[in-house]
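Asker: Here you go, sequence then predicted model.
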Amino acid sequence: NAGVTQTPKFQVLKTGQSMTLQCAQDMNHNSMYWYRQDPGMGLRLIYYSASEGTTDKGEVPNGYNVSRLNKREFSLRLESAAPSQTSVYFCASSDSWRGLAGTYNEQFFGPGTRLTVL
Amino acid sequence: AQSVSQHNHHVILSEAASLELGCNYSYGGTVNLFWYVQYPGQHLQLLLKYFSGDPLVKGIKGFEAEFIKSKFSFNLRKPSVQWSDTAEYFCAVNARGGYQKVTFGTGTKLQVIP
């Protein structure tokens, strides 16, 4: 199993350019997520998809759009890149299961995309 | 809404020293708790997790964490660190039940000096 894969690994854009970050998982997970990681700020959730066919905003959705293409794939699009979007972007997936004490889940992360916007 | 605090932003230790990284969360209900590690240039990997049962959880590479419900804490410990433990460590929490959103702390950078 490859787990969670992301492309590209690195990208440099000019302000105003657009691009799509791709993410795929082969673990048959229902939920997928996009985070950005900035120094001193930890991981912040951009968008998530709790299940195929649904997407919702996270903490920092402005300037981004997402598409849950199918159960495996969840893409993140920057329509008009800005320098403030320079960051490392991580995709993650998870599934949940119900136990005696409630619902549990564990997230698995992709290798990340390092994006620089000039 | 849930939140996570990691008070140590940068920790420097010598090899063989003991480690304890603090993590406190705020949420009124039942939670699942996680510690993730990110080695330089790599993605996040799960170190250990607490769902229920014994509040002392053992993870990979000799790490352990103790869930103290009364203190809303989930501190990470290791008796003797190695240079290879140099990494950034993230505590995370998600509310049990309903949707699986996970909230991460801001991370603690650990530097182990040989």
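Answerer: Sure thing, it's come through.
Asker: Near chain B, which residues of chain A are found?
Answerer: By C-beta under 8 Å from any C-beta of the partner chain, the residues of chain A that approach chain B are A:31, A:33, A:35, A:40-45, A:48, A:50, A:58, A:90, A:92, A:94, A:96, A:99-112. Where you see a C-beta, it was placed from the backbone N, CA and C, and this is true even at glycine.
Asker: Give the other helices and strands that the lengthiest strand in chain A contacts.
Answerer: Using DSSP state E to define each element, chain A has its longest strand at strand A:87-99. Judged by 3 or more C-beta pairs under 8 Å, 6 or more residues apart in numbering or on different chains; DSSP states H and E, the packing partners of strand A:87-99 are strand A:4-7, strand A:19-25, strand A:31-38, strand A:74-78, strand A:102-109, strand A:113-117.
Asker: Correct me if wrong, but residue A:15 is in a helix.
Answerer: No - Residue A:15: not assigned to a helix; according to DSSP: H, G, I helix; E, B strand; the rest coil it is coil.
Asker: if I pick it, what's in contact with it?
Answerer: If you count contacts by C-beta atoms under 8 Å, 6 or more residues apart in numbering or on different chains, residue A:15 has them with A:81, A:82, A:83, A:117, A:118.
Asker: how near is it to chain B?
Answerer: Applying C-beta to the nearest C-beta, to the nearest Å, the value for residue A:15 to chain B is 26 Å.
Asker: What is the burial count for the closest residue to residue A:72 other than its chain neighbours?
Answerer: What sits nearest to residue A:72 in space, not counting adjacent residues and going by C-beta to C-beta, 6 or more residues apart in numbering or on different chains, is residue A:24, at 5.1 Å. Residue A:24: 20 surrounding residues under other C-beta atoms under 10 Å in any protein chain shown.
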